[in-house]
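**Q** My questions concern the predicted model and sequence given below.
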Amino acid sequence: MRTAALTTLGCKVNQVETEMMEGLFKARGYTIVPFEEAADVYVINTCSVTHLGEKKSRQLVRRAKRTNESAVIAVTGCYAQVAPEEIRAIEGVRVVIGTKDRGKIVDFVETAVTTDGVLDETGDIMHAEVFEDIPLLAAPGRTRAFLKIEEGCNNFCTFCIIPYARGPVRSRALSSIKSEAEKLVEHGFREIVLTGIHLGHYGEDLSPRLTLADAAQAVLDIPGLTRLRLGSLESIELDDRLLELWARDPRFAGHLHLPLQAGTDAILKRMNRKYTREDFARLFHRLEGMVPDAAISTDVIVGFPGETDELFEEGLAFIERLPFARMHVFPYSKRTGTPAAKMDGQVPEEVKKERAARMQAIADRKREDFAKKFIGRTMDILLETEHEGEWNGITENYIKVYVIPKEGKKLANGSLVSVHLQGVYKDGLRGTRI
Ligand code: SF4
């Protein structure tokens, strides 16, 4: 029996793609084993968003080679797409695939077994036109099902390498979204998360043109679906139809992840973000009015080129005003090949670190303030993981809740349970099962 071990770095889209590739290997008779074990094939799905992602990708190749000297090592994903020559040069790599043609990964690996040298299958991504539709061939081993409906990005934010790694927007056909979502519901998934690289542009390349609201409606139409969530999307891409659906259908999770990235218009402009901070604030308050318990989470970059002390303080004060439920804080990471890497006003690393720590302190406080509002309430949580008898899961508005089951009572991951929320605990709340 041949074995394959796959691992993922980076975002949720990468995780979904790894699950799809796992399905392809299983369908061809491979047994999937943990990445730490000896395997005939290793697949490393890489990330290129930061230098750290690239460094980790290289370390994983070396680790796979140490575990089984004669294995076929295939490297795929964003780092492989933007720097195939660096990947080819890592000792032990036999197959390089970028962000397309992953549907053929098993064939590429099997060709590599019978040939010498490195098989490099990365191609031009900037002119890719169609969504690569890889059906789910095996149920993903997780509690929430991430369904990829879109690929690529046309935004070209000045800090971001993703448009060069993923190419232009390509959308999954509505019929394919429906059939994949039906499979996931049949497999017993209680929550489906629609994901993409630039989700808000879903459907703009299709004929007839569709929108994200069409994709969301198609999934909500599936009988048996319990919860639908949207992955990260740009604030300016929320149209009225989508928001109306979000506010009206109780199965639509009251949570939106809208990356703000910076709290001043000067930096937003340098980032090529297409909104002002007041546009963002107006939308935020509109959303609060539509779904009062909703969680709005965000991403913020600190230390972007040109961010002076004054601009940082101004941005911090603006972010203080908005009651985000969660914030992911990133110190700016220079990506070769992006306009921001060549901008003047690069911020020293130690200043970025100090700004990130201050922003993170605000993020921690906001997360706690948001969660505290729900103490005393009873909410459904989707159970995710268990550690030493303590379970955790998330509410529809993305609060992490920890539960210790009563003696003799069993809990199971992937199930929805009603929990009475009692107090702040770790990075969320603790509660007891009703
Ligand atoms: S919207 Fe901006 S940050 Fe997001 S993937 Fe596209 S270029 Fe990158």
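**A** Received, thanks.
**Q** Could you tell me how far the closest residue to the ligand within the stretch 201-350 of the chain is located from residue 272?
**A** Here the stretch 201-350 of the chain gets closest to the ligand at one residue, residue 234, 5.9 Å apart by Cβ to the nearest ligand atom. Heads up, the C-betas are built off the backbone N, CA and C, glycines and all. When distances are taken as Cβ to Cβ, to the nearest Å, residue 234 and residue 272 turn out to be 12 Å apart.
**Q** Same check on residue 286?
**A** 24 Å.
**Q** do residue 11 as well
**A** For residue 11, the distance to residue 272 - Cβ to Cβ - is 20 Å.
**Q** Mind checking which of those two has more residues around it?
**A** Legend: neighbour count by other Cβ atoms under 10 Å for residue 11 and residue 272, higher for residue 11 (18 against 14).
**Q** Next secondary structure after the biggest helix by length in the chain?
**A** Under DSSP state H, the helix in the chain containing the largest number of residues is helix 349-372. Downstream of helix 349-372, the first helix or strand assigned by DSSP states H and E is strand 378-387.
**Q** Paired strands for that next one, with orientation please.
**A** Counting by DSSP bridges, the strands paired with strand 378-387 are strand 390-394 (antiparallel), strand 416-425 (antiparallel).
**Q** so how far is it off the chain centroid?
**A** Relative to the centre of its chain, strand 378-387 is centred 20 Å away, using Cα atoms, centre = their mean, to the nearest Å.
**Q** try stretch 343-353
**A** Using Cα atoms, centre = their mean, the offset of stretch 343-353 from its chain centre is 26 Å.
**Q** Okay, now the unreliable bits of the protein?
**A** Residue ranges of the chain with pLDDT under 70: 137-141, 408.
**Q** Domain-wise, how is it divided?
**A** Using automatic domain parsing, the domain parsing of the chain gives 3-120, 128-253, 256-275+286-371, 378-433.
**Q** would a markdown table of the strands paired with strand 378-387 with distance to the ligand be doable?
**A** Converted to a markdown table, those look like this (distance: least, Cβ to the nearest ligand atom, whole Å):
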| stretch | distance to the ligand |
| --- | --- |
| strand 390-394 | 23 |
| strand 416-425 | 31 |
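**Q** winner for burial among those?
**A** Greatest average neighbour count among those goes to strand 390-394 (a mean of 21), per mean count of other Cβ atoms under 10 Å.
**Q** With only the CA atoms kept, save that strand in PDB.
**A** Taking C-alpha atoms only, strand 390-394 is exported to PDB below (Å, rounded to 0.1, in the frame of the first residue of the first chain):
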ATOM      1  CA  GLU A 390     -12.000  20.300  28.200                       C
ATOM      2  CA  TRP A 391     -13.800  21.000  24.900                       C
ATOM      3  CA  ASN A 392     -13.900  24.100  22.900                       C
ATOM      4  CA  GLY A 393     -16.000  25.400  20.100                       C
ATOM      5  CA  ILE A 394     -17.300  28.500  18.600                       C
END
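**Q** picking up where we left off before, the residue of the stretch 201-350 of the chain closest to the ligand and residue 200 touch, don't they?
**A** Yes. Residue 234 lies in contact with residue 200 (Cβ atoms under 8 Å); the separation is 4.8 Å.
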